Every structure is written in C-alpha cells, then in structure tokens.
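Colleague: Predicted model follows, preceded by the sequence.
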Amino acid sequence: MIEISNLTFDYPGHRALDDVSLTVQSGSVTALVGPNGAGKTTLMRCIAGLETPLSGSILVNGIDVNEKPREVHRLMGYLSDFFGLYQDLTVGQCLEYAAESQGLPSTVVHDAIMLTARQLELSDRLQQVSGSLSRGQRQRLAIGQAIIHGPKVLLLDEPASGLDPEARANLASLFRHLQTIGMTLLVSSHILAELDEYSTHILSLRNGRVLENRALSGSYPAISHRRIRLKLSLADLRLADWLGNRPEAILIKADEKDAEFDFHGDLTAQSKLLRELIAASFQVTSFSEQKENLQQSYLQSVSTMPEPKYS
C-alpha cells in the first residue's frame, strides 16, 4: 500500500530522514516506533504530502505523493499528534465539514456521518458542541474526521496520548475493526504495550534510518510460519526429538516445562498436531499462539545496533 524509496529529508542543520526505503503491506496495522527525534512524525508528514522531501519517492496505492498529493489525500486519513477541532461546532457539524471538505457527494454525507458516529460511539453526541467533549471523545471525533471519507490508508501520530485505560482499550478495538474492513493503518506511539494490542507489523526508526521493518510473529494471517507455544505438565526428553522429525515444526527452545517452536500451518493443522501430541502420551496442559512482545523486540533490536558516530 505504501512504497518509499531512498527518502531523505533535511531540517536546517539536521537530517531527519536518511535514505529511507520501506514498504507497508496492504491491510496491515504497522507500529511506527522509535525514540524522540527518530523521524517518525516527519515520515508521516511526508507520506501525507504535508512535507516535501529533499530526495526520494513515496507511492501510496501506486500514486506518487509528490506529483499528485491531492489524489493521495482522497484515499488517506491523517491524525496529527496535535490535532484541532472547531470548538463551537457540534459533533455532527464537525463530521459534516470533514465529509464535504473531502469531496463526498451531498447525497451520501448524512449516511457517512451516521456510520462514522456509530463506529466511534458518538451517535448520542451529534448535537453536543465539540468544545464540551471529554479528552477521549475529542480524540474519537478527530479520528472520525480522518476516516469519514472511507480512506484506504490511515496515519495516526500518538492517537492515545492523554487517554485513560478504558479509552485506550476502545481505541484498540476500533483499530482492529478498521483493519477488518480493509484499511491500512500506520500508528506512531511511545506506548509499546498499547501497540501490542492491535499491531501486525513493526517499523522502527532510529537517527532517521530504518532499524527494523517486518511482520510480528503470530499476529498476521499472511505469515506462513506461525509461532505457537506448547506447555507441558512434566519433563519429557522425547519432545525435542519428536518435533525435530516434523517438517512443519522448527524448535526454538525447550526445557522441562514448556517448548516454543515455529509452526507452518493453519488452525486445522494445529488441531491435528495437538491430537498427535496427546496420542504420543505428552501430557499437554496448554497449547496456544505466542504473540511477539513488541517492546522486547524493539529493545532487542536497539541493543544490537551500533551507536551512531558523530563528526
């Protein structure tokens, strides 16, 4: 959905993005992570056509952002980290303004407002002035303005900043829903535990360069090797040999209590494996997918990266 090649962006006296090349897969929810100053917001603004890079190209759904920014805007939603609302307009008026500014035909604006309000749980707030909303409601309204035209791509910069735990949980549920209806999301956040709730991919930046860009284990249907964790109730030295004789399983680690391995197969294949484990007299107490921990993965990647050298 997004293809970036050799992107470089300079601020006066500082290179924010340094020869960045990456892709964002269609239908994914990509966690954009990295320390302050890594280039995350600059990257998002370049993708959204709000900044002009020094060099490089950005394609969104095959369209060049620098050559046809307006065309890209029609299939994109963007929520900046410091968003604004028209305080004196009602929720319904804010959504109506956003719909018309995106060029939706007047015949579909009302339905778009109703659908968006329902998705964001704002149906009972349509007549309320936006300036009187809570922090979480304001955040949902801002996201509603970004998605009311049904974009294919949604860029979100720190969308959960300042939200309470319940509002963050609701936001995670919304992002999962948007993915199921085919939207591609790129979400920047410092709260990695929150990104764990819905991300399928990780894109980490450091010093303006790509540190890592890949799918997360056990979180995306298109991954051919799915990692699951098998926990056993007692030590059994046969397990490693048993798994080693199966071409669909690659043992990662095992001890006297559990084992972790990469497994190639769908749910039916997993069910068959479990039946065969029990038939082989393994006393299985737990059998589940082991979702990759985003924070641990990021910190591990950072620890293996050499420190930058400054002249």
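Modeller: Thanks, I have the structure now. Numbering: from 1, shown residues only.

Colleague: going forward, measure contacts and count neighbours with C-alpha atoms only.
Modeller: OK.

Colleague: Would you mind measuring the gap between the ends of stretch 176-185?
Modeller: 10 Å (CA to CA, to the nearest Å).

Colleague: Report the buried residues of it.
Modeller: Within stretch 176-185, the residues scored as buried using 16 or more other CA atoms under 10 Å are Arg176, Leu178, Gln179, Met183, Thr184, Leu185.

Colleague: in which helix or strand would I find Asn6?
Modeller: In the assignment (DSSP states H and E), Asn6 maps to strand 2-11.

Colleague: Mean confidence (pLDDT) on that strand, please.
Modeller: Regarding strand 2-11, the rounded mean pLDDT is 97.

Colleague: before we move on, the earlier item: out of the buried residues of stretch 176-185, name the ones that lie in helices.
Modeller: Counted as lying in helices by DSSP state H, out of the buried residues of stretch 176-185, are Arg176, Leu178, Gln179.

Colleague: quick one, domains of this structure?
Modeller: The record's domain parsing of the chain by automatic domain parsing lists 2-215, 225-289.

Colleague: before we move on, back to that, of the ones in helices among the buried residues of stretch 176-185, which is the nearest to Lys253?
Modeller: Lys253 lies nearest to Arg176 out of these, by CA to CA, at 31.0 Å.

Colleague: doesn't His110 fall inside a helix?
Modeller: Yes: using DSSP: H, G, I helix; E, B strand; the rest coil, the secondary structure at His110 is a helix.

Colleague: List the contacts of it.
Modeller: Glu96 (CA atoms under 8 Å, 6 or more residues apart in numbering).

Colleague: show me where this structure has helices.
Modeller: For the chain, helices defined by DSSP H occupy the ranges 40-47, 69-73, 91-101, 106-119, 135-147, 165-180, 192-195, 238-244, 267-279, 294-303.

Colleague: Those into CSV, with extra columns for distance to Leu211 and mean pLDDT?
Modeller: Listed next are these as CSV, based on distance: least, CA to CA, whole Å; pLDDT from 0 to 100:
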stretch, distance to Leu211, mean pLDDT
helix 40-47, 12, 96
helix 69-73, 27, 92
helix 91-101, 36, 96
helix 106-119, 35, 95
helix 135-147, 28, 91
helix 165-180, 25, 86
helix 192-195, 16, 78
helix 238-244, 33, 79
helix 267-279, 32, 86
helix 294-303, 7, 63
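
Colleague: what about stretch 120-130, average pLDDT?
Modeller: For stretch 120-130, the mean pLDDT works out to 95.

Colleague: I'd assumed Asp88 was in contact with Cys94.
Modeller: No: using CA atoms under 8 Å, Cys94 is not in contact with Asp88; the gap is 9.4 Å.
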